[in-house]
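>>> Generate a structure from the sequence data that follows.
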Amino acid sequence: MRRLLIGLLVGLVLGGAGGFAAGIFFFPYIFPPPVATQEVANRAAHTVLGTGTFIHADPSDPIHWGRGSVSILRDPDGGRIVHLEKDFEVGPGPDYRVYLVAHAAPRAKDDVRAAFVDLGGLAAFKGSQTYRIPADLDLAAQGSVVIWCRAFAQLISPASIERKAQ
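Numbering: from 1, shown residues only. Below you'll find the predicted structure:
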């Protein structure tokens, strides 16, 4: 009788843990988050300061990935924005942030932790989004846009910025 109770208890714990893990993994696929559609109004009036493409920083990591384009734009009023284009997508996770990073080609956590500017929380895992750049920030000192998981201090996807001639 004791073996049966221990077996049931172990099975309950393992089954519960396995079910919880499967639920965390499959939840974004069963209930996909909405796609962001925050397009830049009057795009032709904006000056492109730089562009980049998000990459999978660590191909051996199947969970943390990103792809798509990013643009740094100057609006007609002189303000600057980071615009994640409509082809942008990252694997889902908690507490994702959009950072401007001094490192030109970050591929590891330490490349990001050294110097970054937090532009805010990621609005959606897919689609176009816009983030304001602080007016007093020296944009020339920023080499990339990074999607970062603040909850686990994890690099999700970097995009090196290629400057455009002014």
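
>>> Then residue 14 would be within a helix, right?
Yes. Judged by DSSP: H, G, I helix; E, B strand; the rest coil, residue 14 forms part of a helix.

>>> Mark out where each domain of this structure begins and ends.
Split into domains by automatic domain parsing, the chain comes to 1-31, 36-163.

>>> partners of the helix or strand of the chain with the lowest mean pLDDT in the sheet?
In the chain, no helix or strand scores lower on mean pLDDT, DSSP states H and E than strand 36-37, which sits at a mean of 71. Strand 36-37 sits in its sheet next to strand 127-133 (parallel), going by DSSP bridges.

>>> downstream neighbour of the strand it pairs with in the secondary structure list?
Downstream of strand 127-133, the first helix or strand assigned by DSSP states H and E is strand 144-149.

>>> Can you tell me which helices and strands that next one packs against?
Strand 144-149 sits against strand 47-54, strand 66-74, strand 96-101, strand 154-160, with contacts defined as 3 or more C-beta pairs under 8 Å, 6 or more residues apart in numbering; DSSP states H and E. All C-beta spots, glycine's among them, are computed from the backbone N, C-alpha and C.

>>> Select, out of those strands, the one closest to residue 40.
Nearest of the helices and strands packed on strand 144-149 to residue 40, taken as C-beta to C-beta: strand 66-74 at 6.6 Å.
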